[in-house]
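J.: pasting the structure only:
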């Protein structure tokens, strides 16, 4: 078992390196290049005048291609890390923040790859991959004893529903990360009109499609959490801070979905709501750090 | 001779009708829905943060906010009238909105408008035009085949020499909004039903060997045979297990272990493992030797100032007008030893006899330390501490709202999945004969729907191959942006 745990950790380390490199490539691709043009003119008086102007141009396509390749590597290594730990623990690794974050890194790379393939655009990687890479840095910062596999505490001894509940949460958060990236680029494109970014309509559609996947998943998280709470604690809903934080996130995305039907709200305002939505996701994700209550386990 | 009459404005309506209309519009307004959900989100955030240190961080950073923060901590948002009222308004809005939208949605599904106009198609942001050396009828047949292969419904209407058509896919998904929104109301209804007609006892303590009645109008009782708790090497809990027998009217109806996540149901009630503790078996007799009390006493629900960390229990003897507080040894090494003024050893309990309902310590009649198995006279009572045992704390609940909640859950997730994963696709167009054969023009109803447009482009490509005619496709002005990236990125 120790060998598998170590192997899982080495794969995680490789994931971290791959996603860090992918982030650099995607950022270089999305930011583009700055071309400085100089012109020198000779005047009739015999003097010369030099003027310069900066021109922004699309990033080198090869940066984007390298970003994609490295993301695939990252996904492969993250899959290996999760797989080996799953075999070692005989359950999906979702019992503490180390395991939860590890599986989240896998989910976020998978969801990003799906959207990259679906829309044929790579610029979103400049935001999504740094989030995934940041998550690996967070994992590095966790206490080393979390890497050990320990038996589940009684409250978590419900493997099928725990797997379903936590997996749904991880994939919901991952798709919300994609929608966040699309919203950021939407606002950037709208403000500065950078022409090599995807069109506003595409960015709006990516964000909506991502929320369209994530919102039902988050609903499933709340439902499965309620069913689990009923079995474990005898009550569906306890107004526990972690529960209500997830409800808050769900409501923010509910606001987003409704605003899209309003004239004048689709676009910029919807994108701003998505920024709030992802802030709510982060708030819920790290809630264990500052919430008490029934969810105050997870090893933080 | 015809007589013309003119009316000015709409027929006058009664004030009641005007009021009803305004209320109806208020609840139907999407803008109001957004405001209501946003307000609910804000209240939820306030209530969530109340369970954290965040408000105190704010007060620490800006001391003048301390009074506000104190009120924040004191306000139970989720049980406040404001929160309940907002939920009620949202529930009504959902119901009204759902009813209001029903006719339009049903018309889209059952009898959509087929007729369109060349001007509408020409002005559309996206359209496609085919000119083929075949008749309009053949064009229609070819397009119908193509759309059928893509699971579209195809409807036509002859308008003069033109064939107008309407095609759609996933039309039933439009109904997905109904189960989803109805589910939200049902969840609230389930919660109300559960709280009104069910019961929940969160501290149902039963000592080993004891049988305790559930009450709440049932004949159920629970006997705790044994409680066991096991731990792993790190000291973390591995399992809490209560082996119980459940009786209904004295007849055994269920038996088995209750562990966390694995409750047992019997009759209407369900029994959940909640916590556990220590109990002390006490026997109390009066001066004549008559037995006043003989059963396990659960300790841990009270504490006394003699050692606030030690588990304590209370025996009330109303006939004698006294109460007996019992304190067991504090075995938790993490507790503060300086607070322990009793210094009890294992096999000892501390007792305090006082008048019934007396304030702790105020009117104490007598205190004593009892050694296990040795009776002792205290304040006219003979007290015996027989032994220490365990008790379990179960949660007993009956929730008639469960079936409603389960139905609502399926409707909620199913409705959302149908709505988002099966988007409605619609196309309108006109087919007509021309001098060289036939022409076909069509447009998707996909305003601000990039996915719908993309599917339309794929359709025009395949339809062109089927009809043997290259389509003339009008694309969005900014589509060059995506084409650029699709062209130089081979990521598809």
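T.: Everything's here; your move. Keep in mind the model is a prediction, meaning the values are calculated, not measured.

J.: pLDDT value on residue 97, please?
T.: Chain wasn't specified; assuming chain A. Per-residue pLDDT puts residue A:97 at 89.

J.: My question was about chain B, not that one.
T.: Per-residue confidence (pLDDT) for residue B:97: 88.

J.: Chain neighbours aside, what residue packs nearest to it?
T.: residue B:28 (5.4 Å; C-beta to C-beta, 6 or more residues apart in numbering or on different chains). Backbone N, C-alpha and C define where each C-beta goes, glycine included.

J.: Quick one: the helices in the chain, in order.
T.: Because you didn't say which chain, this covers chain A. Remark: helices assigned in chain A by DSSP state H are A:2-31, A:61-89, A:97-119, A:125-141, A:159-192, A:200-233, A:241-259, A:268-285.

J.: not quite, I wanted chain B
T.: Using DSSP H, helices in chain B cover B:15-28, B:30-50, B:54-61, B:66-74, B:81-110, B:118-123, B:136-149, B:177-197, B:402-421, B:450-467, B:479-488.

J.: Now render the ones you listed as TSV, adding distance to residue B:432 and mean neighbour count.
T.: As requested, the helices of chain B are arranged in TSV below (distance: least, C-beta to C-beta, whole Å; neighbours: other C-beta atoms under 10 Å in any protein chain shown):
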stretch	distance to residue B:432	mean neighbour count
helix B:15-28	41	12
helix B:30-50	39	19
helix B:54-61	67	15
helix B:66-74	69	13
helix B:81-110	26	14
helix B:118-123	9	12
helix B:136-149	5	17
helix B:177-197	37	18
helix B:402-421	36	19
helix B:450-467	14	18
helix B:479-488	28	16
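
J.: Looking at the stretch 51-200 of chain B, what residue ends up closest to chain A?
T.: At 3.5 Å from chain A, residue B:51 is the closest residue in the stretch 51-200 of chain B, using C-beta to the nearest C-beta.

J.: how is the chain carved up into domains?
T.: Because you didn't say which chain, this covers chain A. For chain A, the structural domains run A:1-33+A:56-151, A:155-300, going by automatic domain parsing.

J.: hm, I was asking about chain B
T.: Split by automatic domain parsing, chain B gives B:15-106, B:112-170+B:423-491, B:199-331+B:343-398.

J.: and residue A:210, which of the ones you listed is closest to it?
T.: Residue A:210 lies closest to domain B:112-170+B:423-491 among the domains of chain B, at 11.9 Å (C-beta to C-beta).

J.: Quick check: closest non-adjacent residue to the residue nearest the centre of chain B.
T.: With distances taken as C-alpha atoms, centre = their mean, the residue of chain B nearest its centroid is residue B:187 (7.1 Å). Nearest residue to residue B:187, sequence neighbours excluded (C-beta to C-beta, 6+ apart): residue B:408, at 4.7 Å.

J.: So the one you found sits against residue B:183, correct?
T.: Yes: the pair residue B:408 and residue B:183 qualifies as a contact (C-beta atoms under 8 Å) at a distance of 4.2 Å.

J.: So the residue nearest to residue B:97 sits against residue B:100, correct?
T.: Yes: Residue B:28 lies in contact with residue B:100 (C-beta under 8 Å); the separation is 4.7 Å.

J.: Look up how far chain A lies from residue B:398.
T.: Distance of residue B:398 to chain A, computed by C-beta to the nearest C-beta, to the nearest Å: 10 Å.

J.: who's that residue bridged to?
T.: When bridges are called by DSSP bridges, residue B:398 pairs up with residue B:199.

J.: Verify the stated contact: it with residue B:270.
T.: Yes: with contact defined as C-beta under 8 Å, residue B:398 and residue B:270 form a contacting pair (7.2 Å).

J.: Just want the phi and psi numbers for the residue in the stretch 1-150 of chain A that chain B sits nearest to.
T.: Residue nearest to chain B within the stretch 1-150 of chain A: residue A:120 (4.5 Å; C-beta to the nearest C-beta). As for residue A:120, its main-chain torsions (degrees, to the nearest 10) stand at phi 70, psi 30.

J.: Now residue A:250: closest residue in space that isn't a chain neighbour?
T.: Nearest residue to residue A:250 in three dimensions, chain neighbours excluded: residue A:218, at 5.3 Å (C-beta to C-beta, 6+ apart).

J.: how about the residues of the stretch 1-150 of chain B near chain A?
T.: B:30-31, B:33-34, B:37-38, B:40-41, B:44-45, B:47-48, B:51-54, B:78 (C-beta under 8 Å from any C-beta of the partner chain).

J.: Okay, now the unreliable bits of chain B?
T.: B:1-11, B:235, B:331-338, B:358-364, B:477-492 (pLDDT under 70).

J.: mind running it again at 50?
T.: B:1-9, B:480-492 (pLDDT under 50).

J.: could the helices of chain B be laid out in CSV, adding distance to residue B:203?
T.: Converted to CSV, the helices of chain B look like this (distance: least, C-beta to C-beta, whole Å):
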stretch, distance to residue B:203
helix B:15-28, 42
helix B:30-50, 24
helix B:54-61, 29
helix B:66-74, 25
helix B:81-110, 26
helix B:118-123, 69
helix B:136-149, 64
helix B:177-197, 18
helix B:402-421, 22
helix B:450-467, 54
helix B:479-488, 62
